[in-house]
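Chemist: structure here, sequence nowhere to be found:
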Ligand SMILES: Nc1ncnc2c1ncn2[C@@H]1O[C@H](COP(=O)(O)OP(=O)(O)OP(=O)(O)O)[C@@H](O)[C@H]1O
């Protein structure tokens, strides 16, 4: 397997904002790769470019230079429609605040991306039920987000993110708004899903305890990705 065929690979990524005196070079040459089933923590101070990096890795933004490979496919030359398609099929997102659709049940929230992807209702429901059981919230399937606890909502959001069997999972502070005990519980569920599904996971977090439990920790220094060691 060549490096480029790893589930997620970023090569020579550069991104700046502004021009002239206000120019800010946020990413100056980001290189790294994540293998299938690997969990990598991104720990970096505020303002160093984590969101910019996640947006580029998630094909939400284009870099000024460099290439993003998702499962070996170079995404830079794809047109916007094809990038949207790749995002929907191949990349899952988990945010600090769950962004579940309030008028739909937990089950429906997980079914929707699958049905948009072309799966029939019954198959989508079966997969959603399996994921809810896996996250140990099967009994909450018919509840709407407002009727679920923060930890339960976040587990639904994680299940939704992996529902389409993506190659890549990107998470931005997925346990950021949870108490320590719940955040460990949600993190355990996330870890189990990554291992089971073989998705390549990049998880931005300020929580060093959780970061230390991942396979690898990276940070951003001067716009580049470097290894980070947690004391
Ligand atoms: N669209 C934009 N226009 C101008 N500057 C931007 C834009 N987006 C981000 N920046 C700047 O780029 C830098 C990196 O932003 P980014 O959001 O990636 O940081 P971050 O590490 O995710 O921060 P936080 O942890 O606070 O969310 C910041 O200084 C930010 O102000």
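Modeler: Structure received. This is a predicted model, so every value here is computed, not measured.

Chemist: from residue 52, how far out is the residue nearest in space to the middle of the chain?
Modeler: Nearest to the mean C-alpha position of the chain, by CA atoms, centre = their mean, lies residue 170 at 1.4 Å. Noted for residue 170: a distance of 12 Å to residue 52, by CB to CB, to the nearest Å. (Each C-beta comes from the backbone N, C-alpha and C, glycine too.)

Chemist: average pLDDT for the helix or strand harbouring residue 160?
Modeler: Following DSSP states H and E, the helix or strand that holds residue 160 is helix 150-162. Average pLDDT, helix 150-162: 93.

Chemist: by contact count, what packs against it?
Modeler: Here helix 150-162 touches strand 91-94, helix 106-116, helix 121-134, strand 168-172, helix 180-197, going by 3 or more CB pairs under 8 Å, 6 or more residues apart in numbering; DSSP states H and E.

Chemist: out of those, which gets nearest to the ligand?
Modeler: Minimum separation from the ligand across the helices and strands packed on helix 150-162 (CB to the nearest ligand atom) falls at strand 168-172, 7.9 Å.

Chemist: next one: that closest one to chain centre, how far?
Modeler: Between the centre of strand 168-172 and the centre of its chain there are 1 Å (CA atoms, centre = their mean, to the nearest Å).

Chemist: name the helix or strand of the chain that has the lowest mean pLDDT.
Modeler: Lowest on mean pLDDT, DSSP states H and E among the helices and strands of the chain sits helix 180-197, with a mean of 89.

Chemist: can you give me the first-to-last residue distance of stretch 56-72?
Modeler: 16 Å (CA to CA, to the nearest Å).

Chemist: list the buried residues in it.
Modeler: Across stretch 56-72, burial judged by 16 or more other CB atoms under 10 Å covers 56-59, 63, 66, 68-71.

Chemist: what about this structure, any weak spots by pLDDT?
Modeler: 1-6 (pLDDT under 70).

Chemist: got a list of what residue 111 touches?
Modeler: 121, 124-125, 127-128, 163 (CB atoms under 8 Å, 6 or more residues apart in numbering).
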